[in-house]
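Visitor: My questions concern the predicted model and sequence given below.
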Amino acid sequence: MPPLPKAELHLHIEGTLEPELAFALAERNGVELPYATQDELRAAYSFTDLQDFLNLYYALMAVLRTEDDFADLANAYLARAREQGVRHAEIFFDPQAHTARGVDIGTVIRGLTRALDAAPRAYGITTRLIMCFLRDESAESARATFESARPYLDRITAVGLDSAEVGHPPSKFREVYALAREAGLKCVAHAGEEGPPAYVWEALDILGVDRVDHGVRCLEDETLVARLVADQVPLTVCPLSNVRLRVVDRLADHPLPAMLDAGLLVTVNSDDPSYFGGYAEDNFTAVRDALGLDQAALRTLARNSFRASFLDEETRAAYLKELDAS
Ligand code: HPA
Ligand SMILES: [Zn+2]
């Protein structure tokens, strides 16, 4: 069966860097990688937790230096995404992970948008760009990053919050989220991946997010679940990521079915597909096989992905029609 048409709403573009491209860019830019071969690098993809993954994720970014590198990275993702039925992608990027290495934010944004602007024609995929702040950096650094992005805000749909969660609650970023909202941007934040339900509450009530990224730990708080259901706040769940980062022990233990049964607006996404063993459709088939989700449940997940997106109503309706006809 061909993959269902779907939107991908939780995707870090830096997390799509495949070993093959990492080595090609290392060569092109004269960057030395601490791995002799692609297989040696792949063997390092065994993580104990989020921080363990982040250490490798940030280290490999050293190969990304020029506008062309960012365009090549995005094009490689879009080609894979299209094969997986992705019709619309809302893509995170981490400017501070690049500016800290001396790469200008304009280089990052121009490179990415070059690929994204061509994506409807080249791949039949529409996109949005979401600028994330690294929560383990200071609130001042997030603010400075936002100010440096002002010339490019017409290319950015939303701000997000990622990196090491525990000890860095959403409330730390209250001011920069207020600035983003004033500038007309949507707001999302990673919360409730490794962090407690209290962080999801803060994302909702202090940052005013339109979506919660991950959010799986909301299930520990009944009142929070009731709130998320009542307001139909979308949760961008990432099943294969949750297994690789040990948020759940096994995919068969994943709470996705309980989340659907609770009436939460859940979507399924790949997070960092190069590192976590699968792109969008790979996550769909993995949850189908491990959790016994039937075709109706998979269609609900695909429907939810368009409902939870930041698409304009006309395009959303067109994608939902395409899904119904598939
Ligand atoms: O899953 C994630 N969680 C937090 N930060 C991240 N940055 C890339 N992927 C992730
Ligand atoms: Zn993520």
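Guide: Alright, I've got the coordinates. Residues are numbered from 1 along each chain as shown. Ligands and ions are numbered 1, 2, ... in the order given.
Visitor: The stretch 201-326 of the chain against ligand 1: which residues are in contact?
Guide: 241, 271, 272 (CB under 6 Å from any ligand atom). The way it works is simple: take the backbone N, C-alpha and C, and place the C-beta from them, glycine included.
Visitor: any chance of those in JSON lines, with neighbour count and pLDDT too?
Guide: Putting those into JSON lines (neighbours: other CB atoms under 10 Å; pLDDT from 0 to 100) gives the following:
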{"residue": "241", "neighbour count": "27", "pLDDT": "98"}
{"residue": "271", "neighbour count": "29", "pLDDT": "98"}
{"residue": "272", "neighbour count": "24", "pLDDT": "98"}
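Visitor: show me the contacts for whichever residue of the chain sits closest to ligand 1.
Guide: Proximity of the chain to ligand 1 (CB to the nearest ligand atom) peaks at residue 162, 3.6 Å away. Taking CB atoms under 8 Å, 6 or more residues apart in numbering, we find residue 162 in contact with 12, 92, 94, 132, 133, 134, 135, 190, 213.
Visitor: correct me, but residue 244 touches residue 275?
Guide: Yes - between residue 244 and residue 275 there is a contact under CB atoms under 8 Å: 7.1 Å.
Visitor: Between these two, point out the one with more neighbours.
Guide: residue 275 (25 against 20; other CB atoms under 10 Å).
Visitor: rounded to a whole number, what's the mean pLDDT of the one helix or strand the more buried one maps to?
Guide: In the assignment (DSSP states H and E), residue 275 maps to helix 273-276. Regarding helix 273-276, the rounded mean pLDDT is 98.
Visitor: Can you dump the C-alpha atoms of it in PDB for me?
Guide: C-alpha atoms of helix 273-276 as PDB (Å, rounded to 0.1, in the frame of the first residue of the first chain):
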ATOM      1  CA  PRO A 273      15.200  10.500  11.500                       C
ATOM      2  CA  SER A 274      18.900   9.900  10.600                       C
ATOM      3  CA  TYR A 275      19.700   9.200  14.200                       C
ATOM      4  CA  PHE A 276      16.500   7.400  15.300                       C
END
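Visitor: what's in contact with the next helix or strand after that helix?
Guide: Where DSSP H and E defines the elements, the next helix or strand beyond helix 273-276 is helix 280-291. Helix 280-291 has contacts (CB under 8 Å, 6+ apart) with 3-4, 6, 8, 81, 83-86, 238-240, 250-252, 254, 256-257, 268-270, 273, 278, 293, 298, 301-302.
Visitor: Give the PyMOL command for selecting the buried subset of the residues you listed.
Guide: Of the contacts of helix 280-291, the buried ones can be selected in PyMOL as follows, counting by 16 or more other CB atoms under 10 Å:
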select buried, resi 3+4+6+8+81+84+85+86+238+239+240+251+254+256+268+269+270+273+278+293+298+301+302
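Visitor: and the contacts of helix 280-291, which of them are in helices?
Guide: Using DSSP state H, the subset of the contacts of helix 280-291 located in helices is 81, 83, 239, 240, 256, 257, 273, 298, 301, 302.
Visitor: Let me know the closest of those to residue 22.
Guide: The nearest member of the ones in helices among the contacts of helix 280-291 to residue 22, counting by CB to CB, is residue 273 at 13.9 Å.
Visitor: how close does residue 177 get to residue 136?
Guide: 17 Å (CB to CB, to the nearest Å).
Visitor: Between the two, which has more neighbouring residues?
Guide: Taking other CB under 10 Å, residue 177 and residue 136 do not tie; residue 177 has more neighbours (24 against 17).
Visitor: Which residue, neighbours along the chain excluded, lies closest to the more buried one?
Guide: Distance criterion CB to CB, 6 or more residues apart in numbering; nearest residue to residue 177, sequence neighbours excluded, is residue 207 at 4.5 Å.
Visitor: could I get stretch 50-68 in PDB with only the CA atoms?
Guide: Provided in PDB are the C-alpha atoms of stretch 50-68 (Å, rounded to 0.1, in the frame of the first residue of the first chain):
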ATOM      1  CA  LEU A  50      18.500  12.800  25.300                       C
ATOM      2  CA  GLN A  51      21.900  14.400  26.400                       C
ATOM      3  CA  ASP A  52      23.800  11.400  25.000                       C
ATOM      4  CA  PHE A  53      22.200  11.900  21.700                       C
ATOM      5  CA  LEU A  54      22.600  15.700  21.700                       C
ATOM      6  CA  ASN A  55      26.300  15.400  22.200                       C
ATOM      7  CA  LEU A  56      26.700  13.600  18.900                       C
ATOM      8  CA  TYR A  57      24.000  15.700  17.200                       C
ATOM      9  CA  TYR A  58      25.900  18.900  18.000                       C
ATOM     10  CA  ALA A  59      29.300  17.400  17.200                       C
ATOM     11  CA  LEU A  60      28.300  16.300  13.700                       C
ATOM     12  CA  MET A  61      26.900  19.800  12.800                       C
ATOM     13  CA  ALA A  62      30.600  20.900  12.400                       C
ATOM     14  CA  VAL A  63      30.300  19.800   8.700                       C
ATOM     15  CA  LEU A  64      27.500  22.400   8.000                       C
ATOM     16  CA  ARG A  65      29.200  25.600   7.000                       C
ATOM     17  CA  THR A  66      27.900  27.200   3.900                       C
ATOM     18  CA  GLU A  67      24.500  28.100   2.300                       C
ATOM     19  CA  ASP A  68      25.000  25.200  -0.100                       C
END
